[in-house]
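In: Pasted the sequence and its predicted model underneath.
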Number of protein chains: 2
Amino acid sequence: MPDFIGDMEIERSCGKPLYMQLYEQLKYMIKDGKLQPGHKLPPIRELAGMLGVNSVTVVKAYKRLEADGMIFSKTGSGTYVSCDIAITSMHEYTVPSADVIDFASFTPSPQLFPVEHFKALINEVLDRDGGMAFEYQDGRGYQPLRAALAEYAAAVDIEAHQDDIQVISGAQQGIDILSKALLDFGDTIVMESPSYTGAIAAFRSRNVRIAEVPMNEDGLDIKVLEKRIREDNPHLIYVMTDFHNPTGVSYSLHKRKQLLNIARRYDILIIEDDYLSELNFSENKQPLLKSMDDDQRVIYIKSFSKILMPGLRLGFMILPRRDDIYHRVLDAKHASDISTSGLMQRVLELYLSRGLWYEHMNIIYGEYKRRYEHMLQALDRYMPKQIKYHVPAGGLHIWLLLPEGCCDRELYGYAVNAGVIFAPGAAFYPRTDKSRCLKISFASTDEEQIDIGIKRLSRAITAYLNDKYKKNNDRYAPLL
Amino acid sequence: MPDFIGDMEIERSCGKPLYMQLYEQLKYMIKDGKLQPGHKLPPIRELAGMLGVNSVTVVKAYKRLEADGMIFSKTGSGTYVSCDIAITSMHEYTVPSADVIDFASFTPSPQLFPVEHFKALINEVLDRDGGMAFEYQDGRGYQPLRAALAEYAAAVDIEAHQDDIQVISGAQQGIDILSKALLDFGDTIVMESPSYTGAIAAFRSRNVRIAEVPMNEDGLDIKVLEKRIREDNPHLIYVMTDFHNPTGVSYSLHKRKQLLNIARRYDILIIEDDYLSELNFSENKQPLLKSMDDDQRVIYIKSFSKILMPGLRLGFMILPRRDDIYHRVLDAKHASDISTSGLMQRVLELYLSRGLWYEHMNIIYGEYKRRYEHMLQALDRYMPKQIKYHVPAGGLHIWLLLPEGCCDRELYGYAVNAGVIFAPGAAFYPRTDKSRCLKISFASTDEEQIDIGIKRLSRAITAYLNDKYKKNNDRYAPLL
């Protein structure tokens, strides 16, 4: 009897239809990751027997799960947990089992986190500040941290005063706060297409219109941008100018200047999401938009989630020197979570002001550069030639393009079977549920795993392409 | 020359009008707390002389600050930083100077925080989990913590499974997430009037209509509630059933049941914000709404900010067992900050499961009970008889009512002069900018300070009432 059956409780006396109980419990197990994508479910009669219910009960539950896209059947093979789960609920993503190579995770390996330094600094702060470290901080952020961040900004050629800085509980909160502060119902925001799933979610939750502008090899398509601006009159443009997530594209200097000019001409604010500009492994390094922001219209968001760890829940924004923005952002911060953890702000202040950040950056840079080069070599060596990709100037991921007619979701099942997972491209588009792209990240895989993973992915793609072209895609049939 | 003059920089060459520069810099200083409410500003000519600008420049800057409500003048006395600042920007509240008694702060004394326990547990978690403590956690919360919280809930008679629990980065985030998950543009929310400022801000930022229902001595006014429901068709009711913030009212058992019945009848969800039910100092203890929630329509929000410290940025919600709510809340959590600090979740899990919470609760309970009794005695002894207040069953504050015709803002200046501050009542109403109520909290004042503070406040009130009735309110005149 499969393990998960033991966890199921079907109660005849509770008034809820049995098939609904079964449906809900299976659904939770899939969402929880107890039943992983690709897991084969028991045949209908067998499960009915194990649970002591009628076959019709199981049929109805399976049908409903299929309608939700949570399971699918292969003719003559059985019923499986769907691979789409990873697409429709990325944030419920659970760690795959140990033998699966995880190119989907975009979170740094926890082994790289400087635990000992942080531990020492936490103890130092607690000894120094006691319970005060747990009081509410100034809504803008702990003042000594803002001073240290202004210095940090100067090192990347951004001129900022500590009062221009808004501390945030991670970059995601920064995007959420800006959407609250700057966007109203019915407003339009311009986004690159594809773009970061978290940004799409934050803007969507604000009920605004998303105007998509496709990405070219040197940044977003300026012609389409101008068309969208004229048609939709947006207030705000959200961009990632270095190793854009997910395409890996870095903006050329020319395009950066064009973007700033257009923003000036049409009086639009730009959000520059800098999640990782430090990890540039090429000779081609361009200035941040914010460093060229002569007329105060770039809002810079800095994440520490990739260089340090996402669990710090700490980042910062540099705001344009405009009173209206300053107060709207502060109000939105307050309505969101009042203030960011004082303890972590105090620890980060020491971490930065003692230069530990730069020490750590050097280690991280070296480690990820090795992985980056290793993945590019492995792709070159093993990947079928039909697969196209752009070599990014840096960052932690590569964006692969399948041949026309292919679908990321279809490939996902093959990849799971081969023991490797990736982030399907569809998740990065606000308006589509399939794409022919996939994002593979080496954030949490070492060199050996990269090798194994790229080999497995290459095999999966080959098998998928073979099936796709040879078998004319007739292997998926409705469940019943 | 006053201190703050040294911080000012007026630049003739920068193109911005001099009066605007002066206006903006004074505004920042007031917002920053460098210039505290009640601070007397230099006379016009004197300031002009010190800065080397024309008197007209200072007049224009002062006029503009007055129009913003940031400064005011007393005839024959001078120009002062306004007391309204504390009302319009509570979240920019800065700690007053040491000799002022602070009844405005609703944050526990940091001395009460169990620093040594937390320090030991942080070290234990870092030794055990290393960098994993800084990874993203499950969006719902770290599973062992959710299990511990389910046990915690059982201790207050709430039956909850760990999967009903959503961990949040503080109660304010809980309210923000619910407003995202459950309210759309144009929807109506019912709130008690007055209510918690942070909740008002979160719902406002969602652009929803707020239907206010006045508070009686045993909870909100049921007749008005039904009227609002019929007229405005709300989806959601937000309440604090124990020591309501700010009135201090606790709902009677009868009213709790009435509220649940009405929610059932009209199919409305209830948010029960339990920020402090532990601190009941009376014999009159009523069950939480969530413990009587037989048909899954109460969302329970639990804050740890008052019993432990707000800087933990950690709380939890218990959701109704309804799939739609579960997923909408999880999506909103993800869009807000992805997940709550893993380190603090792991630490709190140990803190709860080792029983340290209950040990600490006993200490806190005893300390605050002493302060509570002390404040009631001091009020009884020193407060002018015209001041009315309701004795709360517990909590950390008392709500005072001034006689008809009085105004919290007017009193504020007197209080600052007497060396005591309070939270003006107007901040707790969504649609008014003055009230005749004030909230005084003993969260961060010890018994000695309570004595001094209540004496000072009583003197300030007496002086205010004397001026008010004797001088017929003619002492405030326009600035110029």
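Out: Thanks, I have the structure now. Numbers count the residues shown, from 1 in each chain, chains lettered A, B, ... in the order given.
In: for the helix or strand residue A:214 falls within, the distance to its chain's centre please.
Out: Element membership for residue A:214, per DSSP states H and E: strand A:209-216. Centroid displacement of strand A:209-216 relative to its chain, using CA atoms, centre = their mean, to the nearest Å, is 18 Å.
In: same thing with stretch A:396-405?
Out: That offset, for stretch A:396-405, works out to 16 Å (CA atoms, centre = their mean).
In: who touches the closest residue to residue A:28 other than its chain neighbours in this structure?
Out: Distances taken as CB to CB, 6 or more residues apart in numbering or on different chains place residue B:163 nearest to residue A:28, at 6.7 Å, with adjacent residues excluded. C-beta here means a position set from N, CA and C on the backbone, and glycine is covered the same way. When contacts are counted by CB atoms under 8 Å, 6 or more residues apart in numbering or on different chains, residue B:163 touches A:28, B:140, B:146.
In: what's the burial count for the last one?
Out: Under the neighbour criterion other CB atoms under 10 Å in any protein chain shown, residue B:146 is assigned a count of 22.
In: I'd like to know how far it sits from residue B:322.
Out: The spacing between residue B:146 and residue B:322, counted by CB to CB, to the nearest Å, is 18 Å.
In: Relative to residue B:306, which of the contacts of residue B:163 is nearest.
Out: Nearest to residue B:306 among the contacts of residue B:163 is residue B:146, at 21.7 Å by CB to CB.
In: Chain B versus residue A:455, what's the distance?
Out: According to CB to the nearest CB, to the nearest Å, residue A:455 stands 27 Å off from chain B.
In: Please disregard the earlier target; I meant residue A:323.
Out: 7 Å.
In: Is that residue in contact with residue B:24, as I believe?
Out: Yes. Contact criterion CB atoms under 8 Å: residue A:323 and residue B:24 qualify, at 6.9 Å.
In: quick revisit: mind listing what's buried along the strand holding residue A:214?
Out: By neighbour count on 16 or more other CB atoms under 10 Å in any protein chain shown, the buried set for strand A:209-216 is A:210-213, A:215-216.
In: What strands line up against it, and which way round?
Out: As defined by DSSP bridges, the strand partners of strand A:209-216 come to strand A:188-193 (parallel), strand A:219-220 (antiparallel).
In: Serialize the buried residues of strand A:209-216 to TSV and add fields for pLDDT.
Out: Compiled in TSV, those are given as follows (pLDDT from 0 to 100):
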residue	pLDDT
A:210	95
A:211	96
A:212	96
A:213	97
A:215	97
A:216	97
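In: And the pLDDT for residue A:114?
Out: pLDDT for residue A:114: 94.
In: Tell me how far it lies from residue B:79.
Out: According to CB to CB, residue A:114 stands 52 Å off from residue B:79.
In: picking up where we left off before, residue A:323 and residue B:24: which is more packed in?
Out: A direct count of neighbours by other CB under 10 Å for residue A:323 and residue B:24 places residue B:24 higher, at 16 against 12.
In: in which helix or strand would I find the more buried one?
Out: Residue B:24 belongs to helix B:18-32, assigned by DSSP H and E.
In: what sits up against that helix?
Out: In contact with helix B:18-32 (CB under 8 Å, 6+ apart) are residues A:163, A:323, B:4, B:7-12, B:14, B:35, B:41, B:51, B:53-54, B:56-58, B:60-61, B:64-65, B:68, B:70-71, B:81, B:85, B:89, B:92, B:94.
In: Write the PyMOL selection for whichever of those residues are buried.
Out: Entered in PyMOL, the line below selects the buried ones among the contacts of helix B:18-32, by 16+ other CB under 10 Å:
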select buried, (chain A and resi 163) or (chain B and resi 4+35+41+51+53+57+58+60+61+64+65+70+71+81+85+89+92)
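In: mean confidence score for the longest helix along chain A?
Out: Looking across chain A with DSSP state H, the single longest helix is helix A:356-382. Throughout helix A:356-382, pLDDT has a mean value of 96.
In: before we move on, what about stretch A:135-153?
Out: pLDDT averaged over stretch A:135-153 gives 94.
In: can you give me the end-to-end distance of it?
Out: Start-to-end span of stretch A:135-153 (CA to CA, to the nearest Å) is 27 Å.
In: Centre of the chain to that stretch, how far?
Out: 26 Å.
In: Buried residues of that stretch, list them for me.
Out: A:135-143, A:145-150, A:152-153.
In: what does stretch A:395-403 give?
Out: For stretch A:395-403, by 16+ other CB under 10 Å, it's A:395-402.
In: Just name the closest of those to chain B, please.
Out: In terms of CB to the nearest CB, no member of the buried residues of stretch A:395-403 lies closer to chain B than residue A:396, at 14.8 Å.
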